[in-house]
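**Student:** below is the sequence, then the predicted model.
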Amino acid sequence: MKVVLAYSGGLDTSVILLLLRERLNAEVITLTVDVGQEDDLDEVAHKAEKLGAVKHYSIDCKEEFVDKYVFPALKANALYQGKYPLSSALSRPLISSKLVEIAKKEGADAVAHGCSGKGNDQVRFDLTVKALDPTIKVLAPVRDWGLNRDWEYEYAKSKGIKFSVKFFSVDDNLWGRSIECGILDDPMVEPPEEVFKWTLPLAKARNEPEYVTITFENGVPIAINDEKLDKVQIIKALNSIAGRNGVGRIDHIEDRVVGLKSREVYECPAAVTLIESHKDLEKLVLTKWELMFKESVENMWTNLVYSGLWVEPLKNDLEAFIESTQKRVNGSVKLKLFKGSVSVVGRSSNNSLYDPKLTTYESHTILTQEHAKGFIELWGLQSVVAFRKLLGNYGAGRS
Ligand code: ARG
């Protein structure tokens, strides 16, 4: 049997590599997809070979990740349950597609991942692979063989492989870092400083506000402080700029697909900053009706993606609407980053619908104010009539 294993170099997937060989006598090909995680990928490759992988693939997918996953999420202002920018959720369908690609190329019978039976990631991997190629089996040894980290640690030790005991489960990519498990399982415990790597605590963040201008074209960022940068660089730069101002820490209670509530801690400095800016610019260039409708589209898009339904056709339908709005999302947003907060303090666009000549209270206004009077009469006509008619039901004393 030939298996392509999504390999991170961590305890779970290393033990899986050994077990697939031992229990299934499988030839294991390992695959590490580079979505901007901080790991030393040469070291990961070396480890895979040492643990008996017959072949290792390391594929740089940073640009593809940003183009096909991160930017669509930004255009959708995707924040699951108002908080989580979907960082881990976005990488899963991409990794799944690469697993299928390599499995086909290598003539493998199955792909394998290290997800447990309690999380969302298993749903995302299983469904994407199934949709792309139903003939490829998906193995999830942690879930299907009931592995746990204590056992894995002892097993690895018995094979002469040392892992430093990690108290948290961390997953990171360009769009953010998620930290789970250990003492964080108690929702009343404040996350200790050691879990954060990308964001400074407020006490250590700069004592002066830092101003940043982000320029957008067709809904995606193209420059920081008027300096054009490539997309991967923009996200990296913003992770560092926003992170040093303590921006991007998220701690919330999340509803998983599998029905569980979980306590999740994230660091997503670039994502939080970009979504805030993007939303603000949209307010300048889209109409009230577009903004209102888009909010419900965004909510649906975000829920589909969180829930592992990357392949759901409705997602494409929603994206067609979103794309059509983004053609006008061009311009600049000026931000003030200060001690954990990101505030938009200015915005401009050639497509701006904001016209100071119309809005101003000054005397040179070009809007004929008397028109408002008649408008109000007709605008509220039905509500006023209904209110007067139902007056009796509202109780005495109202007039
Ligand atoms: N709760 C998040 C999600 O479902 C984060 C998952 C992170 N995975 C991990 N292995 N730490 O997208």
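**Tutor:** All right, it came through fine.

**Student:** would you mind measuring from the spatially most central residue of the chain to Pro72?
**Tutor:** Nearest to the geometric centre of the chain sits Leu86, at 2.4 Å (CA atoms, centre = their mean). Using CB to CB, to the nearest Å, Leu86 is found at 10 Å from Pro72. Using the backbone N, CA and C atoms, a C-beta is placed for each residue, glycine as well.

**Student:** go on, Glu323?
**Tutor:** Distance from Glu323 to Pro72, by CB to CB: 9 Å.

**Student:** give me the more crowded residue out of those two.
**Tutor:** Pro72 (22 against 13; other CB atoms under 10 Å).

**Student:** what is the three-state secondary structure of that one?
**Tutor:** helix (DSSP: H, G, I helix; E, B strand; the rest coil).

**Student:** what does Asn316 give?
**Tutor:** From three-state DSSP, the assignment for Asn316 is helix.

**Student:** same question, the one 3 residues further on
**Tutor:** Assigned with three-state DSSP, Glu319 falls in the helix class.

**Student:** what sits closest to it if chain neighbours are left out?
**Tutor:** Pro72 (6.3 Å; CB to CB, 6 or more residues apart in numbering).

**Student:** for the lowest-mean-pLDDT helix or strand in the chain, the distance to its chain's centre please.
**Tutor:** Within the chain, no helix or strand scores below helix 356-359, which has a mean of 82 by mean pLDDT, DSSP states H and E. When distances are taken as CA atoms, centre = their mean, to the nearest Å, helix 356-359 is centred 37 Å away from the chain's centroid.

**Student:** same check, this time on stretch 199-206
**Tutor:** 23 Å.

**Student:** quote the end-to-end distance of that stretch.
**Tutor:** The first and last residues of stretch 199-206 sit 12 Å apart, counting by CA to CA, to the nearest Å.

**Student:** list the buried residues of it.
**Tutor:** Thr199, Leu200, Ala205 (16 or more other CB atoms under 10 Å).

**Student:** now do stretch 183-196
**Tutor:** Leu184, Pro191, Val195, Phe196.

**Student:** what sits against the last one?
**Tutor:** Spelled out, it's Phe196. Ile179, Arg249, Glu267 (CB atoms under 8 Å, 6 or more residues apart in numbering).

**Student:** is any residue of stretch 185-195 near the ligand?
**Tutor:** No - applying CB under 6 Å from any ligand atom, one finds stretch 185-195 separated from the ligand by no less than 11.6 Å.

**Student:** show the average pLDDT along that stretch.
**Tutor:** Mean pLDDT, stretch 185-195: 96.

**Student:** cool, stretch 271-284 as well?
**Tutor:** 98.

**Student:** quick one: it near the ligand?
**Tutor:** No - using CB under 6 Å from any ligand atom, stretch 271-284 stays clear of the ligand, coming no nearer than 12.6 Å.

**Student:** what residues of that stretch count as buried?
**Tutor:** 271-282, 284.

**Student:** name the residues that touch that stretch?
**Tutor:** 74-75, 77-79, 85, 87, 175-176, 212, 214, 216, 219, 221, 235, 238, 241-242, 247-248, 250, 291, 294, 325, 329, 331-333, 335, 337, 342, 344, 347-349, 351-354.

**Student:** of those residues, buried ones?
**Tutor:** 74-75, 77-79, 85, 87, 175-176, 212, 214, 216, 219, 221, 235, 238, 241-242, 247-248, 250, 294, 325, 329, 331-333, 335, 337, 342, 344, 347, 349.

**Student:** of those residues, which belong to helices?
**Tutor:** Leu74, Lys75, Ser87, Ile235, Leu238, Ile241, Ala242, Lys294, Thr325 (DSSP state H).

**Student:** look up how far the ligand lies from the fifth one.
**Tutor:** Going back to what we said before, that points to Leu238. Using CB to the nearest ligand atom, to the nearest Å, one gets 21 Å for the distance from Leu238 to the ligand.

**Student:** also the second one?
**Tutor:** Look at Lys75 and the ligand: by CB to the nearest ligand atom, they are 19 Å apart.

**Student:** can you name the residues that contact that residue?
**Tutor:** Gly219, Val220, His278, Ile322, Glu323, Gln326, Val329 are the contacts of Lys75 under CB under 8 Å, 6+ apart.
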